[in-house]
Every structure is written in C-alpha cells, then in structure tokens.
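Student: Mind looking at a prediction? Sequence and model below.
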Amino acid sequence: MTFGSGVGDHGEHRAPATMAGVVALAAMMAAVAANAVTAEAAPGATPVHGLALSAATAAPETDVRAPAASAPPLQSGLDRLIGSRLEQPELDGTVVSALFRTVEGDVLYERSPDRPLVPASNMKIVTAACALSTLGQDYEFVTLIGTDGAIEDEVLNGDLYVLGSGDPSLVSEEMWKICESLAARGIRRVEGDLVLDASRFDAEQLPIPDGDDGDRAYNARTSALSLNFNTIAVHVYPGVRRGDDAIVSVTPDVGVVDLKSSASTGSSRRGSSIEVRRGFDGDRNTVRVTGRIPEGSVGQTFYRNLDAPSGCFGAALVGFLKMAGIEVAGEFREGPYPENAVLLHRHESKALSLIVRDMGKYSNNFVAEQLLKELAAEIGGQPGTTEGGAGVLSDYLASLGAEDGTYVVVDGSGFSRDNRLTTRNITRVMIDMMSDFEYGYEFIASLSVGGVDGTLSDRMGFPGLRGSVRAKTGLLNGVTAISGLLRTVYGGDVVFSIITNGSACEAWRLHDLEHEILAYVAREAG
C-alpha cells in the first residue's frame, strides 16, 4: 500500500476552509475592481510591523511608499489593496512581502522583496530546483540486495545484505517486488542474518537535533534505509454495536510496531474522541489508541512517524520476506555491505523528476530532507548530513546571485522557523529553472494547480484563478507563503512570490489575501 493519502500530512499544518472565509473572500473579490478604480493614493508611508529577525538575518525594513504619479498602475493599485487589507484588526502585525515579475525577470510589482522572512514550505522550491539541476531529472536511487554466501537446496547459506541509498520513494509495493525477486531465485530460507547498511546518511534522524520530536507524519525521520516515508497508517473502525472494542489495525502489518488499543465503540450521537500516540519503548515503536469512535461511522485513519527508521525497514523486510515464503533464521542488524558481495537484486527508484513532483504537490517534508542529505552525500561525500545539504543549497542560491544576508538555510523542507528567504530570491530560483529546457518543465510539474490538485486542491476553486495558478504553498503558525506561476486573463505568464509573517489570525484570512492579490494581478497585468 502506498501512503498517498498520508503524504499531505507531511507537508503543512492546514487550516480548514470556513464558510466565513468563503463569504469574506467573495466580498473582497468583488471589491478588487472598485479598489483599482476608486481607491485614493495613500497620503504617506504604510509601516510594516511584525516579525523581529535576528541580527544575522535581519534586513532594513522596506517602506511601502505612496506611489509617485508616474508609478505603474499595478504597483499603485496593489499598494492600495494590500495596505487597506492590513488595516483590518485581524491582520494586525502581519508583514507582507510580494514580488511579481515577467518570465524574463522584469519587475511588475514589488513590496519588501529583499526582506528575509520565514518561508515555511517555500524552502522546497530551492530544494527541488537544486536537486534537479545538480543530480539531474533522471537520477535514480539504487538499493542493492546481496549476499556473502551461496544458494543451495533453496537455502541461502550466508547473510543477506541491504545497501541503502536514501531512496525517499520506496514503499510497500516496491519492497514486495524485491522479496518476490528473491523468492523467484528459489530462496526459501536465509540461514544467516539480515544486515542493513544505512551509511549513506548520518545517524541523525531529525533535521534539527533539538527540534520537535513529535509523532506526526509531517515530522518523519530520515534514514538511508526508509520505507513508506518512515510512517505508518493506523486504521480505527467501530465495532458492531455500542460498547464493543474498536477495530484497530496498522498498515503495513508486518511487525514494525507494537499495537496497544483500549479504544471502544461509542454513541452515534457523539463525535469521535480517538487519539493515536506513537512512542518508542526501548528498541520498539509502540502505537497506543484510546478513546471512542461513533457506532456506524465510516472509520478514521491516522498517520504517525517512526523512530529508528532503519530498524523499522529491517523489521518490515523480514515480514515481507515471510509473506513471500522466505524465512530468515538470524536477526536483522546494522553492518557494512561487503565489497565482494554477490548481487541478488538491484532496485532502482522512479526518476528524480517524479520524486520532486510528488514532493512539491503534496509538500512532503520527509522527501525534502532525504534529498537534502543526498545532495550532501553526492557533492561532499558520505555520510550525507543536513548541515552539508544546507551548504549545498546556500551555494546554489549564491550562484544565482543571491546576496549574503538575504537567506538562511537550515533544512530542506522549511519546517524550521530559522530558515529565511526573500521573495526576490524565490523568484530568482523559479526564473532560472524556467529558462532551462532540461529541468524547467519538470520543475513546473511539481507545482500544485489552483483548485485542481496538491495543496491547492481545496483553494482557488473559482473562476479567474482555478487552473490559472501553479504554485508551491507554505504554512506554519503565523506564516503563509505561495510562489509560482500565474496566467493572466491576457494569456501572459507572471512569476510571483508572496510571504506573510507575524500574523496571529486564522490561516484562511491570509489565504484570502493571497487569492485577492493574485486575482488582481491576473486581471490587471498586461
């Protein structure tokens, strides 16, 4: 089973759409045209408030000045629009940086484009672009299965070795294919151990060693040997009648976790109170399920990350081998892959272009961090580290002309609040990608389509923006970001980046502001 439905949870904390948000957006959309015609020029500077940056990353605040009489209409119109919205009490303290450019790089509109802000998942734009241009769109992650023994009478007399490559796309279906290929060789028993070599990456599971170690899937651990994004799916269904035990299972059910459940079936008149917690007891991941699920309900699925991912890989492989009719007599343990090992199976991942596409559309943090470590291993040598990968991304930004002090790279996913990017640097990356025939189309394919798929599937589903925006979103508490391509009503394409920091309001209000800005540009940009 591929955890397609769980990938979105890896990316962003997403606020549910509300009727109030829809009504507010409709009202604001109707007001845009009126603003463009009737709004008066601001009499003075509109100050930007909010996020305080560290001395190492702060840039002087850019004044949003009243446009001169000769200022382009897009500049003056958007200044008035954004300025009026920031006067709303709900957006108090919100910092907005925005930059709109032609695909050739000419500036159509700018607002504090050189102020470094927390980019959230817009950091994945840099990770995707750097990975494609450095590794190549057809790059593949290769996992090797070998042995130091020989096969005789359906018995492998020796150890079975696995050499990990950091493949971020290896899922249960692919592991099953590996086990089928071994069974097809006539192997029915491995007399030795299962030996796992995950030395391609360092042993640090979290991108930030002292960061959030919660169990949510968007905070998945990294490893050169990973399966199913290093997460597990927990399914909870009601029993036949009220008071019965809830029906609880995990996928894949191959001995990766210990499952403990006290969940029961509750009244159909009450909502679900199910809680799923993943802990680590000694050397095993344990999933505990508590609460009640309503009688007659359709059930729920929860995605949780896993500690000790290489060990989970080993446990899963033993389980899948057993399903394929192969018993492993020994234990699974870590160890080096022998230089003279006899190759039994070579597993190649899907192309990097497809991996990047899925990472971008579903904002998969795990994939981004795996790519970051792979860049470090490929450029600087093994083991790949987060710090090394951050250095590769920094060098990439510098090669495009990004100035010192306008960016800080801590991870590849944007999960850290210590990351900093400017909207100018983000558009610089996108314009460079789109000018490259070899990588540009693959990069654009990684962007979600407004109102259609990815993290924009439930946004922009109205005329004017639906299907006209291809973008990467970003969302953390107090942070939103959206950057990509906008097709105007005149058929032209505009490269854009919008970041907001410092807000304390609901995310939908900031999304509405983003939508209104984009709709205005789509209509007014020639």
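Tutor: It's in.
Student: Tell me which stretches of the stretch 101-250 of the chain form helices.
Tutor: 123-135, 172-184 (DSSP state H, counting those that start in this stretch).
Student: avg pLDDT for the last one?
Tutor: Read it as helix 172-184. Helix 172-184 carries an average pLDDT of 97.
Student: one step back: pick the most deeply packed of the helices of the stretch 101-250 of the chain.
Tutor: Ranked by mean neighbour count, the helices of the stretch 101-250 of the chain are led by helix 123-135 with a mean of 26 (mean count of other C-beta atoms under 10 Å). Placement of C-beta: from N, CA and C, glycine included.
Student: quick one: contacts of it?
Tutor: Residues from elsewhere that reach helix 123-135 (C-beta atoms under 8 Å, 6 or more residues apart in numbering): 139, 352-353, 356, 359-360, 363, 368, 371-372, 374-375, 378-379, 392-393, 396-397, 409, 411-414, 419, 421, 426, 429-430, 432-433, 436, 439, 442-443, 446, 472, 474, 483.
Student: Next step: the residues you listed restricted to helices.
Tutor: By the criterion of DSSP state H, membership of the contacts of helix 123-135 in helices covers 352-353, 356, 359-360, 368, 371-372, 374-375, 378-379, 392-393, 396-397, 426, 429-430, 432-433, 442-443.
Student: show me where the stretch 51-200 of the chain has strands.
Tutor: Listed in chain order, the strands of the stretch 51-200 of the chain (DSSP state E, counting those that start in this stretch) span 95-102, 107-111, 142-147, 150-152, 155-157, 160-163, 189-190, 194-197.
Student: any idea how far the shortest one is from the chain center?
Tutor: Remark: strand 189-190 is offset 39 Å from the chain centroid, using C-alpha atoms, centre = their mean, to the nearest Å.
Student: now swap in the third one and tell me
Tutor: Centroid separation between strand 142-147 and its chain, computed with C-alpha atoms, centre = their mean, is 28 Å.
Student: just checking, what packs against it?
Tutor: Packing contacts for strand 142-147, counted by 3 or more C-beta pairs under 8 Å, 6 or more residues apart in numbering; DSSP states H and E, involve strand 160-163, helix 172-184, strand 342-348.
Student: Then the shortest one?
Tutor: Contact analysis of strand 189-190 by 3+ C-beta pairs under 8 Å, 6+ apart lists strand 155-157, strand 327-328 as its packing neighbours.
Student: quick check: mean pLDDT across the shortest one?
Tutor: Think strand 327-328. In this model, strand 327-328 carries a mean pLDDT of 98.
Student: Give me the distance between stretch 292-299 and the centre of its chain.
Tutor: A distance of 30 Å separates the centroid of the chain from that of stretch 292-299, by C-alpha atoms, centre = their mean.
Student: Now tell me what touches it from outside.
Tutor: Applying C-beta under 8 Å, 6+ apart, the contact partners of stretch 292-299 are 235-239, 241-242, 246, 263-274, 300.
Student: what domains does the record give for the protein?
Tutor: Domains of the chain are assigned by automatic domain parsing as 4-137+353-524, 140-350.
Student: Quickly, which of those bottoms out on average pLDDT?
Tutor: Looking at the domains of the chain, the bottom one is domain 4-137+353-524 with a mean of 83.
Student: among the contacts of helix 123-135, which ones are buried?
Tutor: Buried members of the contacts of helix 123-135, counted by 16 or more other C-beta atoms under 10 Å: 139, 352-353, 356, 359-360, 363, 368, 371-372, 374-375, 378-379, 392-393, 396-397, 409, 411-414, 419, 421, 426, 429-430, 432-433, 439, 442-443, 446, 472, 474, 483.
Student: G360 versus S483, what's the distance?
Tutor: 11 Å (C-beta to C-beta, to the nearest Å).
Student: residues shared between the contacts of those two?
Tutor: 125, 472.
Student: which of the helices and strands packed on strand 189-190 sits most buried?
Tutor: Greatest burial across those, using mean count of other C-beta under 10 Å, falls to strand 155-157, with a mean of 19.
Student: Tell me how far V195 lies from R357.
Tutor: Separation of V195 from R357 (C-beta to C-beta): 34 Å.
Student: Pick out whichever of these two has more residues nearby.
Tutor: Neighbours per residue, other C-beta atoms under 10 Å: of V195 and R357, the larger number sits with V195, 24 against 20.
Student: Next up, the contacts around the residue lying closest to the more buried one once chain neighbours are set aside.
Tutor: Once flanking residues are discounted, V195 sits nearest to G335: 4.2 Å by C-beta to C-beta, 6 or more residues apart in numbering. Residues near G335 by C-beta under 8 Å, 6+ apart: 161, 195-197.
Student: Quick check, L194 in contact with A316.
Tutor: No. Between L194 and A316 there is no contact under C-beta atoms under 8 Å: 10.9 Å.
Student: The stretch 201-350 of the chain: strands as residue ranges?
Tutor: So, for the stretch 201-350 of the chain - with DSSP E, counting those that start in this stretch - the strands run 231-237, 247-251, 257-261, 264-266, 275-281, 284-290, 292-294, 300-305, 327-328, 332-334, 342-348.
Student: Ok, which of these comes nearest T222?
Tutor: Proximity to T222 (C-beta to C-beta) singles out strand 300-305 among those, at 10.5 Å.
Student: out of everything not next to it in sequence, what's closest to G360?
Tutor: Spatially, and ignoring its direct neighbours in sequence, G360 is nearest to S446 (3.1 Å; C-beta to C-beta, 6+ apart).
Student: From the centre of this structure, give me the residue that's furthest out.
Tutor: Distance from the C-alpha centroid of the chain, by C-alpha atoms, centre = their mean, peaks at D153 (46.9 Å).
Student: That one and I187, how far apart?
Tutor: For D153, the distance to I187 equals 11 Å [C-beta to C-beta].
Student: Touching, Y490 and A525? I think so.
Tutor: Yes. Assessed by C-beta under 8 Å, Y490 is found in contact with A525 at 7.4 Å.
Student: Out of these two, name the residue with the larger neighbour count.
Tutor: Set side by side, Y490 and A525 show more neighbours around A525, with 21 against 10, by other C-beta under 10 Å.
Student: For A504, see how far away the residue lying closest to the more buried one once chain neighbours are set aside is.
Tutor: Excluding its sequence neighbours, the residue lying closest to A525 (C-beta to C-beta, 6+ apart) is T488, at 4.8 Å. Using C-beta to C-beta, T488 is found at 33 Å from A504.
Student: So which of those two has more stuff around it?
Tutor: Comparing T488 with A504 by other C-beta under 10 Å, the one with more neighbours is T488, at 15 against 12.
Student: Show the contacting residues for D138.
Tutor: Going by C-beta under 8 Å, 6+ apart, D138 touches 351-353.
Student: Using JSON lines, please lay out the strands of the stretch 201-350 of the chain together with distance to A519.
Tutor: Formatted as JSON lines, those follow (distance: least, C-beta to C-beta, whole Å):
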{"stretch": "strand 231-237", "distance to A519": "36"}
{"stretch": "strand 247-251", "distance to A519": "41"}
{"stretch": "strand 257-261", "distance to A519": "46"}
{"stretch": "strand 264-266", "distance to A519": "45"}
{"stretch": "strand 275-281", "distance to A519": "40"}
{"stretch": "strand 284-290", "distance to A519": "44"}
{"stretch": "strand 292-294", "distance to A519": "40"}
{"stretch": "strand 300-305", "distance to A519": "34"}
{"stretch": "strand 327-328", "distance to A519": "59"}
{"stretch": "strand 332-334", "distance to A519": "54"}
{"stretch": "strand 342-348", "distance to A519": "44"}
